Structures are given as structure tokens and as C-alpha cells.
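In: what follows is a predicted protein model with its sequence.
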Amino acid sequence: MDFELIERLMRMLEQSDLNELDVTEGGMRVRLAKQRAGGGLAPHLDIGHELLETILSAPAELFLTTKAGMAGTFYRAPAPGAEPFVEVGSFIREGDQLGIVEAMKMLNPVEAECDGVIIAIHVADGGSVEPGVALFDIEPILP
């Protein structure tokens with residue numbers, strides 16, 4: 001099992017609703033698990049051979065989804081009438097501001113979690129969001 005595959009599995013686990021992933025291939029075992037907010041492992045789900053085959057054959061060009069961290073109003077630009085922070089096709093760097101979620105009169109930046117390219121924007125400017133709502137899909141650029 002190579003490190004690229006392990007990295008792909010980590011990204012897939014992060015994006016999924018699964019809490020744990022245990023894969024054995026060629027005598028090597030990799031177990032990945034998310035942690036709960038209060039510490040400790042979340043309950044796990046055993047996956048079958050068919051899902052494992054899907055994971056192992058998935059393309060390397062997986063995307064990451066940036067989600068709203070709180071309820072509020074989503075803005076694509078720093079001010080009314082200003083150019084949006086990003087568009088589909090924009091190259092971004094980790095930490096770049098992608099948008100704003102306004103909650104209780106506070107402007108909370110939405111920042112890129114990795115270097116990549118914006119491949120989808122899911123919420124219109126001025127749209128309402130709840131925690132966990134998909135805002136952007138990013139195709140990561142790996143070093």
C-alpha cells in the first residue's frame with residue numbers, strides 16, 4: 001500500500017459520514033479513525049469488499065468540500081458590489097479567504113484548507129447557511 005493511497009483514503013474518510021476505515025491490502029493493514037469532539041473514537045462501521053474495491057479504484061483527483069461552520073448568511077465578496085473572493089476555476093492557497101459567513105453581526109471568514117482549484121460553488125451570494133452546508137468543492141493540488 002503506498003502513501004498516495006493512504007492519503008486518498010484519509011481524504012475520503014474526512015469527506016464521508018464514516019467515522020472509521022480499516023483496510024487490509026497485500027498483508028498491510030491501515031486503520032483510520034476520526035475523533036469525537038470530547039476525545040475518544042467515534043463508533044465505527046465495517047465496510048465490505050465491494051466498497052473497498054470502489055475506494056481503491058477511485059480516481060486520484062478527489063475533491064474536498066469546504067462546509068459552513070455555523071449558521072448565518074454567506075457572502076462571496078468582501079462588500080456589496082465588490083468582486084467575489086473566488087470563482088469556479090480560481091487557484092487558491094491554503095489559508096486564502098473564500099467567502100464570509102455573517103452570524104450575529106460578526107463577519108467570519110471562510111478559508112481554504114488546502115492549495116487547489118475551486119471546482120464548484122454551492123451557495124449563492126446572500127444565501128442562508130447552516131453548519132455543515134457545502135460551500136465550495138476544491139480539487140487539491142498535492143505537492
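Out: Perfect, thanks for sending it. Numbering: from 1, shown residues only.

In: could you chop this protein up by domain?
Out: Taking automatic domain parsing as the reference, the chain has its domains at 3-57, 64-140.

In: show me which helix runs longest in the chain.
Out: helix 3-15 (DSSP state H).

In: next secondary structure after the helix or strand bottoming out on mean pLDDT in the chain?
Out: The weakest-scoring helix or strand in the chain, judged by mean pLDDT, DSSP states H and E, is helix 49-57 (a mean of 49). Once the chain leaves helix 49-57, the next helix or strand it forms, by DSSP states H and E, is strand 64-67.

In: ok so, going back, for whichever helix or strand comes after the longest helix of the chain, which positions count as buried?
Out: Note on helix 3-15: by DSSP H and E, the next helix or strand toward the C-terminus is strand 20-25. Going by neighbour count (16 or more other C-beta atoms under 10 Å), the buried part of strand 20-25 is 20, 21, 23. C-beta: built from backbone N, CA, C; applies to glycine.

In: skipping adjacent residues, who's closest to residue 132 in space?
Out: Once flanking residues are discounted, residue 132 sits nearest to residue 67: 5.3 Å by C-beta to C-beta, 6 or more residues apart in numbering.
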